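Q: Fold the following and give me the result.
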Amino acid sequence: MNYPFDLITNFIFLETEVEKSDVILVPGGSHPQLMERASEIYHQQLAPFILPSGGATKHVEITEWIFCIM
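A: Coordinates of the predicted model:
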């Protein structure tokens, strides 16, 4: 039996071509690489908005929101 996170991971992390969208969703997790990639996609004018998710926890020092405004 697969665990829910395994199923989500298999769904999310597929090699797909990036195309125009309404928004770039950045899942929370304190990974600046995700915001850097979102920024690249934004500057390629593939989406007008970046929506970082997640929040501060005792294990996350910088959230994607903070990284977005830095």
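Q: Now stretch 34-49: buried residues?
A: 34-35, 38, 41, 47 (16 or more other CB atoms under 10 Å). From N, CA and C alone the C-beta is placed, and that goes for glycine too.
Q: Secondary structure element for residue 21, which one?
A: Following DSSP states H and E, one finds residue 21 outside all helices and strands.
Q: which residues touch the closest residue to it other than its chain neighbours?
A: Counting by CB to CB, 6 or more residues apart in numbering, residue 21 lies nearest to residue 47, which is 4.5 Å off, once chain neighbours are set aside. By CB atoms under 8 Å, 6 or more residues apart in numbering, the contact set of residue 47 is 20-24, 41.
Q: and residue 51, which of the three is it?
A: Local secondary structure at residue 51 is given as strand here, using DSSP: H, G, I helix; E, B strand; the rest coil.
Q: likewise residue 45?
A: Taken by three-state DSSP, the conformation at residue 45 corresponds to coil.
Q: quick one on the thing from earlier: I'd like the distance from the residue nearest to residue 21 to residue 24, if you could.
A: Residue 47 is 5 Å from residue 24, where distance means CB to CB, to the nearest Å.
Q: mind listing what's buried in stretch 21-37?
A: Those would be 24, 26, 28, 30, 34-35, for stretch 21-37 by 16+ other CB under 10 Å.
Q: send the alpha carbons of that stretch over as CSV?
A: Below are the C-alpha coordinates for stretch 21-37, written out as CSV (Å, rounded to 0.1, in the frame of the first residue of the first chain):
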residue,chain,number,x,y,z
SER,A,21,-0.8,29.5,-16.0
ASP,A,22,-2.9,31.8,-13.8
VAL,A,23,-0.6,31.4,-10.8
ILE,A,24,2.6,29.7,-9.7
LEU,A,25,2.0,27.7,-6.5
VAL,A,26,5.1,27.1,-4.4
PRO,A,27,4.6,24.4,-1.7
GLY,A,28,6.0,25.3,1.7
GLY,A,29,9.0,23.5,3.0
SER,A,30,11.9,26.0,3.4
HIS,A,31,13.5,25.2,0.1
PRO,A,32,14.8,28.4,-1.5
GLN,A,33,15.3,26.5,-4.8
LEU,A,34,11.5,26.4,-5.2
MET,A,35,11.2,30.2,-5.0
GLU,A,36,14.1,30.7,-7.3
ARG,A,37,12.5,28.5,-9.9
